[in-house]
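S.K.: Build me a model:
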Amino acid sequence: MPRRTRAREHPAPRFRPECGGTALRPGYDGAARFVILQLALTLALTATAANAPAANPLGTKVEAGKPAPSPKAAPSVPAARAAAEPSVTESCDGTRAEVSGDARQLKCHRWKVAWREGGTVWGYVSGDSYDAVIAERERQLGFARQYARFFEQPFDERYGDPSEPICDTCEPQKPVGRWGEGQKFGASTARAAIEKAETDLNALDKSLAEHLPRLREIAGLARETGVDKAAKAHASSIRMGMLDLAKARLALDNAAIFRSAKSAKTVSKTAAARTKDLAVSYAALLQAVGKEVSKAHGGKFLEDNTQGPQRPYLDVEFEGSKVKATYVVGAARSTWFEGEIALDGGITGQSLVAPQGGELTCPEHSEACGFVYVPAVLRFSERQAPDQKVSEAAELWFQQAKWVLAKPFSR
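M.R.: Predicted coordinates:
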């Protein structure tokens, strides 16, 4: 795969011939070079079909030179702000008082909701505002409900008894000059460990936010042979991450109260390990999906309406979640598509094409000669001929002013 570069005004990875462009080996004749260039130029001239991809097939912007993003949940329509729930304030000595007015108007160090099981607090939800803590509580409750439903498990009772929203009015004390740096039982060592743990915990939270919208897709894959084990493993990793997030919020709160560097370091280690587990299980699931899609659609697709022993073809290759489609004419090869597979089996990425209205400065199929990367989609369709024979077509679509279908290929 071509090495990706830092985003520029027109982001695009540097095209490397050794990775499958039109790098014609010594001894290739000029005719083969001309064929590759001619076909690259005519990509943009192919007629747009009626069943082209939607203007935005993922619902998100696909930037050339960057991996295609995963599908995300559709944003909810803002509703009228709900009335505040019964809430309490909590002071440094633990005393609580019911809030009589609008909880949103209170001045709090932070808001929190405690998860309780059998009367014992096992985790926290925290937020900078009343609305933030309610939203986070609902996110965790929503996940627990959906996980139980999609994977046919009992609802986790640990989420069954959340506390009322709590306005924590206790500001942390920061005595100046009370302890020397590194002094036994002092605050300096704990403070550094707590800051590190906060960073690791926020990274876990961010990772979970990326994976949670995929839960429905993961649950569907858990019912498919060949990918079911990887899907269930990734779902379990998300579930454990959600539990660890709540537990770690409580543990980190205690670490700050007790000035415990040891507790903070444990939180940091747990959060970092869970973040890594999420990445590993997701990569394994993508690889399993790629393997199944490769079995069904990998290989050579001959160009339609061509004949001869060196008939041109499109070679579709899978490597884990990476996908590459190479156009081959005799000994000449040109990379027409590079992308990644998503959990739903969709394949998005980029193609290197002649610019609309632009000029090329040299005959090579490369950025240096004026070709540009544009968003592209590779998909596969069944065709039924008049004689009832079914063939499979590889469709390479790329986006310019409209979505355009490249030359047809089938097998």
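S.K.: Show me which helix runs longest in this structure.
M.R.: helix 261-297 (DSSP state H).
S.K.: in this protein, which spans are helices?
M.R.: Under the criterion DSSP H, the chain contains helices at 30-42, 130-150, 188-211, 215-221, 228-258, 261-297.
S.K.: Looking at those, which is nearest to Arg116?
M.R.: Closest to Arg116 of the helices of the chain, according to CB to CB: helix 228-258, at 10.9 Å. (Each C-beta comes from the backbone N, C-alpha and C, glycine too.)
S.K.: between the closest one and helix 130-150, how many degrees?
M.R.: Angle between the axes of helix 228-258 and helix 130-150 is 150 degrees (criterion: axes from the mean of the first three to the mean of the last three CA atoms, to 10 degrees).
S.K.: Counting by contacts, list what helix 228-258 packs against.
M.R.: strand 110-117, strand 120-127, helix 130-150, helix 188-211, helix 215-221, helix 261-297 (3 or more CB pairs under 8 Å, 6 or more residues apart in numbering; DSSP states H and E).
S.K.: sorry, back to before: minimum distance to Trp336: which of the helices of the chain has it?
M.R.: Taking CB to CB, helix 30-42 is the member of the helices of the chain nearest to Trp336, at 8.0 Å.
S.K.: Now do the buried residues in stretch 398-411.
M.R.: For stretch 398-411, a neighbour-count test (16 or more other CB atoms under 10 Å) marks Phe398, Gln399, Gln400, Trp403, Val404, Leu405, Ala406, Lys407, Pro408, Phe409, Ser410 as buried.
S.K.: could you give the mean pLDDT of it?
M.R.: Across stretch 398-411, pLDDT averages out at 88.
S.K.: so how far is that stretch off the chain centroid?
M.R.: From the chain centre to the centre of stretch 398-411 is a distance of 26 Å (CA atoms, centre = their mean, to the nearest Å).
S.K.: try stretch 154-164
M.R.: 29 Å.
S.K.: orientation of the longest helix of the chain relative to helix 228-258 in degrees?
M.R.: Using the same axes, to 10 degrees: helix 261-297 against helix 228-258 is 160 degrees.
S.K.: Distance check, Glu198 against Thr266.
M.R.: 14 Å (CB to CB, to the nearest Å).
S.K.: Kindly report the same for Gln350.
M.R.: Gln350 is 43 Å from Thr266, by CB to CB.
S.K.: what about the two, which has more around it?
M.R.: Neighbour tally, Gln350 and Thr266, criterion other CB atoms under 10 Å: the higher count belongs to Gln350, 26 against 17.
S.K.: nearest to Ala331, of the helices of the chain?
M.R.: Closest approach to Ala331 among these is made by helix 30-42 (6.3 Å; CB to CB).
S.K.: residues contacting Pro408?
M.R.: Under the criterion of CB atoms under 8 Å, 6 or more residues apart in numbering, the neighbours of Pro408 are Glu303, Asp304, Asn305, Ala393, Glu395.
S.K.: Beta-bridge partners for the fourth one, please?
M.R.: Applying DSSP bridges to Ala393 gives these bridge partners: Ser381, Ser410.
S.K.: any idea how this protein splits into domains?
M.R.: Split into domains by automatic domain parsing, the chain comes to 17-45+298-410, 90-170+182-294.
S.K.: out of those domains, nearest to Ala82?
M.R.: Closest to Ala82 of the domains of the chain, according to CB to CB: domain 90-170+182-294, at 8.4 Å.
S.K.: hmm, back to that, distance to Gln287, neighbour count and pLDDT for the contacts of Pro408 - can I get that in TSV?
M.R.: TSV is the format used below for the contacts of Pro408 (distance: CB to CB, whole Å; neighbours: other CB atoms under 10 Å; pLDDT from 0 to 100):
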residue	distance to Gln287	neighbour count	pLDDT
Glu303	30	17	93
Asp304	32	12	90
Asn305	36	7	87
Ala393	26	15	92
Glu395	24	19	92
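S.K.: Which of those fall in strands?
M.R.: Of the contacts of Pro408, the ones assigned to strands by DSSP state E are Glu303, Ala393, Glu395.
S.K.: how much space is there between the second one and Trp336?
M.R.: Think Ala393. Taking CB to CB as the measure, Ala393 falls 15 Å from Trp336.
S.K.: what do you get for the first one?
M.R.: Here the distance between Glu303 and Trp336 works out to 12 Å (CB to CB).
S.K.: Okay, now the unreliable bits of the stretch 101-250 of the chain?
M.R.: 173-187 (pLDDT under 70).
S.K.: Right, I'll leave it there.
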